[in-house]
Structure formats: structure tokens, C-alpha cells
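> Kindly generate the corresponding structure for this input.
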Amino acid sequence: MTSSAALISSPLGVLTVLVVIVALSDALGRIGVFQKLGAAMIVIVLGALLANLRVIPPAASGGPVYDPIFTYVIPAAIFLVLLDVNLKALKRAGAPMIGAFLIGAVGTFLGVWIANVVTPIQGMVGASYGPLAGMFTGTYIGGGANFNAVAQAYDITRDGGLYTAATVVDNVMTDVWIIVTLALPALLLKSGWFGKPGDPAQAPVHAHTPPPPLTGTLAIAIPLALTAVAIWLSGLASTWLEARGITVPSILIVTTLALLVAQAPAVARLTQANTLGLWGIYLFLAVVGANADLAALVAAGSLTPVLFAYVGIVFAVHSVVLFGVGAVLKLEPIVLALASSANIGGSSTAFVLAESERRQDLVLPAILIGSIGNAIGTYAGFAMVALLAATG
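I've put the predicted structure just below:
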């Protein structure tokens with residue numbers, strides 16, 4: 001069905017609907033049973049529902065609203081989210097926490113490679129199996145921004161059925177893992193295989209007082225201006241490199257610029273950058289939902305259980321590596337659980353775990369190790385794509 005058959009087809013009207021979807025999903029994701037679903041899943045479902053009901057046109061055909069969101073909004077959102085990554089501050093997380101996180105990241109990388117070997121994913125998705133592996137590598141090392149960065153670089157975002165199936169499976173499995181990590185500290189401690197709470201290696205980390213945040217219009221204008229400059233520069237750099245026979249995805253350049261900018265002390269005052277980035281990601285996911293019509297979702301039906309098995313293998317290998325090495329090194333159970341939560345779910349889920357365990361000394365490190373994942377996840381995702389391409 002063409003876009004002209006939609007109830008709302010004007011660019012301004014479509015954009016208005018998308019923004020309302022994001023606002024409604026964000027609000028619903030904070031209350032009652034919808035909290036279990038999460039705003040990301042809700043926004044995809046609402047986008048798909050309205051597109052299939054032809055309230056708005058499906059996104060597969062592109063258009064003056066959808067194309068700019070694919071091209072500019074998601075790179076901008078990734079840049080804004082990564083402005084939270086302060087590499088100098090990461091040393092406060094301590095060697096055990098950072099070490100456990102990196103061990104978990106290795107487990108994730110190995111798990112994705114094994115999942116590609118033992119599941120029929122390659123035969124089911126064809127040439128997309130490498131980028132799909134990169135997406136799962138990125139998200140289970142650093143979070144959704146890395147998932148979307150790899151997906152956008154390889155145009156998986158335009159494959160509505162595959163991208164939506166992967167996103168839904170990712171959300172469901174991440175929610176399950178959050179529940180698991182909440183129960184893990186007590187279970188691991190009872191085993192007697194791990195370090196005891198209060199070991200010198202896990203000494204409390206003292207928080208520092210951040211600089212005062214910017215307020216008013218500057219709090220929004222400055223991060224948006226930095227984002228615009230970064231996207232412009234990434235385009236120039238990508239074109240310059242291509243002219244010399246070097247192909248570098250522009251999103252990787254955006255990621256690198258964000259990490260460089262984020263190290264400036266003044267950037268810590270841009271406290272609205274993360275919120276703006278999150279809204280950009282939700283707007284992008286609304287378009288992803290609109291890109292998945294019912295036929296595409298039905299076609300992906302046979303892929304869904306394979307994706308669940310795929311992610312299950314990733315989690316299993318991640319757990320064996322992280323908790324196996326953690327037992328040998330006698331790391332504290334809460335440190336291992338926080339590392340796993342930060343790998344799989346990002347800073348926010350690790351923060352929730354630290355709070356639920358009443359370990360205020362670990363709240364800041366939990367957020368900081370999540371920042372490590374944000375910093376390296378995209379690179380790990382691209383590395384996985386390259387590895388699979390090289391090994392056939």
C-alpha cells in the first residue's frame with residue numbers, strides 16, 4: 001500500500017505522530033505493568049501498530065521524514081549519549097570492577113562467535129548475519145547505542161522484519177537477565193567460591209562533586225550544536241578517506257569524535273545531552289516500528305526462536321567466562337553481578353542493581369563501567385563483523 005493511502009501522510013503530520021508516540025511510550029514505560037516492557041519496546045509496537053493501521057505510511061518507502069531520521073537522527077543520538085563517557089573518571093571504578101567488566105566483554109564476544117557457529121542464523125539471514133552478530137556484540141558489551149550504531153552502518157535498520165525481531169528479542173532477554181543479576185549476588189555468595197564482601201580489593205569508591213550543570217536554553221543548544229558539528233565533520237572525514245580508497249563508516253567517526261569531546265571537563269555540565277540522545281533513539285525506534293509491517297513480522301516468525309536461542313548461547317558463554325574467571329580470582333559476587341549487568345543492560349541496569357544491594361560505594365563504579373561499554377561496544381561490534389567476514 002502506498003503512503004498516499006495513509007490517514008496522515010503530510011511530513012509535518014507524520015513527524016507529529018512520531019513525536020507523540022515517543023512521548024507516550026516514555027510516559028507509559030515509567031508506570032505499572034508497562035515498566036516491564038520498557039519504553040523502547042513500547043515505541044516500536046506503537047510505531048508498527050499505527051503504520052499497519054495506515055494511520056501513518058510505512059517507513060519502508062522512505063520519505064522526507066523517515067529518511068532524515070535514518071541518516072541524521074540516530075548518529076546524532078549516539079553522539080549525544082556518548083558525551084557521558086569520561087575516560088579519566090573510569091579509574092575510580094577500581095581494577096576489580098573494570099577487570100570483571102572486560103572479562104565479561106570477552107565472554108560476550110566469544111559467545112556471539114559460538115552462536116554463529118552452532119545456530120542456523122547464517123542460512124536464515126544471508127549476508128546480514130555478520131552485521132547482526134556485530135549488533136549483538138555491541139549491545140551486550142555496551143548497550144543499545146552500540147546496537148543501533150552497527151545496525152545503522154550496515155543498513156540493517158531498513159530491514160524492518162529482521163531489525164524489529166532482533167530488537168524485541170534483545171529487549172526480552174535483557175529484561176530476563178536483569179532479573180537474574182538481581183538474584184546473583186546472594187546465590188554466588190552462598191556457593192563459597194567467590195570473594196567475601198568487604199575484601200580490600202573492593203574498597204569503597206568515593207564519589208566526587210560534578211560541576212554545576214548548564215541551565216536554560218544553553219543546556220540544549222550547546223549539545224545540539226556540538227552534535228551538528230560532529231556529524232558535519234564525520235561526513236567530511238568519511239568523504240576524504242573514501243577519496244583515498246579507505247572506507248570507514250561515518251558512524252565510527254561520529255563515535256570517535258564523541259569520545260574525544262566527552263573528555264573535556266566542561267562537557268560534564270551538559271546534563272541534558274543524554275536525555276536528548278535517548279529521545280533521538282526513541283524517535284528512531286518509532287520509525288523502525290513503522291518500517292515493520294505485518295507481513296514482515298510474520299515472515300520473521302521462524303527467525304524469532306532462532307534469535308532467542310542465539311542470544312541464550314551468548315548469555316551462557318558470557319556467564320561461564322565471567323563467573324568462571326571470577327571464581328578463580330575470588331572476586332566479590334556483587335562486583336561480578338554488576339559487571340554482567342553493565343555488559344548486558346548498560347549503566348542504568350547496573351545502577352539499579354547497586355542501589356538494590358544498598359552498595360552506595362559501587363553506584364558510581366557501576367555507572368562508569370557502563371561507560372566503558374558505551375566507549376568500546378561499537379568498536380567490538382565492527383570487529384566481530386570483520387572477523388566473521390575474514391573467517392567466512
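
> count of residues packed around Ala23?
13 (other C-beta atoms under 10 Å). (Each C-beta comes from the backbone N, C-alpha and C, glycine too.)

> What residues of stretch 214-231 count as buried?
Buried residues in stretch 214-231, counted by 16 or more other C-beta atoms under 10 Å: Leu214, Ala219, Ile222, Pro223, Leu226, Thr227, Ala230, Ile231.

> no wait, stretch 379-392
Buried residues in stretch 379-392 (16+ other C-beta under 10 Å): Tyr379, Ala380, Gly381, Phe382, Met384, Val385, Leu387, Leu388.

> And that stretch, how far out from the chain middle?
18 Å (C-alpha atoms, centre = their mean, to the nearest Å).

> Can you list the residue ranges for helices in the stretch 1-150 of the chain?
With DSSP state H, counting those that start in this stretch as the criterion, the stretch 1-150 of the chain has helices at 11-28, 34-37, 39-52, 66-68, 74-82, 94-118, 121-125, 129-139, 144-153.

> try the stretch 201-350 of the chain
Counting by DSSP H, counting those that start in this stretch, the helices of the stretch 201-350 of the chain are 218-242, 250-262, 273-290, 294-299, 303-329, 333-345, 347-356.

> who are the neighbours in contact with Gly280?
Val73, Ile74, Ala76, Ala77, Leu80 (C-beta atoms under 8 Å, 6 or more residues apart in numbering).

> ok now do the residue lying closest to it once chain neighbours are set aside, which residues does it touch?
Distances taken as C-beta to C-beta, 6 or more residues apart in numbering place Ala77 nearest to Gly280, at 3.0 Å, with adjacent residues excluded. Ala77 makes contacts with Ala145, Asn148, Leu276, Gly277, Leu278, Trp279, Gly280, Ile281, Leu283, Phe284, as judged by C-beta under 8 Å, 6+ apart.

> so where's the stretch 251-392 of the chain shaky on pLDDT?
Under the criterion pLDDT under 70, the flagged ranges of the stretch 251-392 of the chain are 292-300, 348, 351-352, 355-356, 360-361, 363-364.

> Kindly report the same for the stretch 1-150 of the chain.
Using pLDDT under 70, the flagged stretches of the stretch 1-150 of the chain are 1-4, 36, 60-61, 86-93.

> pLDDT (mean, whole number) over stretch 166-181?
Mean pLDDT, stretch 166-181: 81.

> What are the buried residues along the lengthiest helix in the chain?
Of all segments of type helix in the chain, defined using DSSP state H, the longest is helix 160-191. For helix 160-191, the neighbour count (16+ other C-beta under 10 Å) marks 160-175, 177-178, 180-182, 184-185, 188-189 as buried.

> cool, stretch 314-322 as well?
Buried, per 16+ other C-beta under 10 Å, within stretch 314-322: Val314, Phe315, Val317, His318, Ser319, Val321, Leu322.

> gap between it and the chain center?
19 Å.

> Could you pull up the residues touching Thr139?
Here Thr139 is in contact with Asn146, Phe147, Asp170, Gly377 (C-beta under 8 Å, 6+ apart).

> Can you get me a residue count around the second one?
Residues lying near Phe147 (other C-beta under 10 Å) number 26.

> follow-up on the earlier one: by neighbour count, sort out the buried ones in the contacts of Ala77.
By 16+ other C-beta under 10 Å, the contacts of Ala77 give Ala145, Asn148, Leu276, Gly277, Leu278, Trp279, Gly280, Ile281, Leu283, Phe284 as buried.

> In terms of distance to Val117, which of the residues you listed ranks first?
Comparing the buried ones among the contacts of Ala77 against Val117 with C-beta to C-beta places Asn148 closest, at 25.5 Å.

> what about that closest one, distance to Ile376?
Distance of Asn148 to Ile376, given as C-beta to C-beta, to the nearest Å: 16 Å.

> same deal with Leu24?
Going from Leu24 to Ile376 by C-beta to C-beta gives 34 Å.

> again with Ala258
13 Å.

> thinking again about what came up before, who has more neighbours out of Leu24 and Ile376?
Applying other C-beta under 10 Å to Leu24 and Ile376 shows that Ile376 carries more neighbours, namely 21 against 14.

> what's the more buried one in contact with, if anything?
Ile376 sits next to Ala105, Ile141, Gly142 when contact means C-beta under 8 Å, 6+ apart.

> could you give the angle of the strand or helix carrying it to helix 74-82?
With elements taken from DSSP states H and E, the one containing Ile376 is helix 363-391. Orientation check (axes from the mean of the first three to the mean of the last three C-alpha atoms, to 10 degrees): helix 363-391 against helix 74-82 gives 140 degrees.

> roughly how far is helix 363-391 from the heart of the chain?
10 Å.

> what about Thr275, distance to Pro213?
11 Å.

> ok, back up a step: can you tell me which of the buried residues of stretch 379-392 lies nearest to Leu7?
Gly381 (37.9 Å).

> right, and that closest one touches Gly144 too?
No - when contacts are counted by C-beta atoms under 8 Å, Gly381 is not listed as touching Gly144 (11.9 Å).

> now the longest helix of the chain: how far from the chain's centre is it?
13 Å.

> same question, stretch 339-359
15 Å.

> cool, stretch 260-269 as well?
Taking mean C-alpha positions (C-alpha atoms, centre = their mean), stretch 260-269 and its chain are 21 Å apart.
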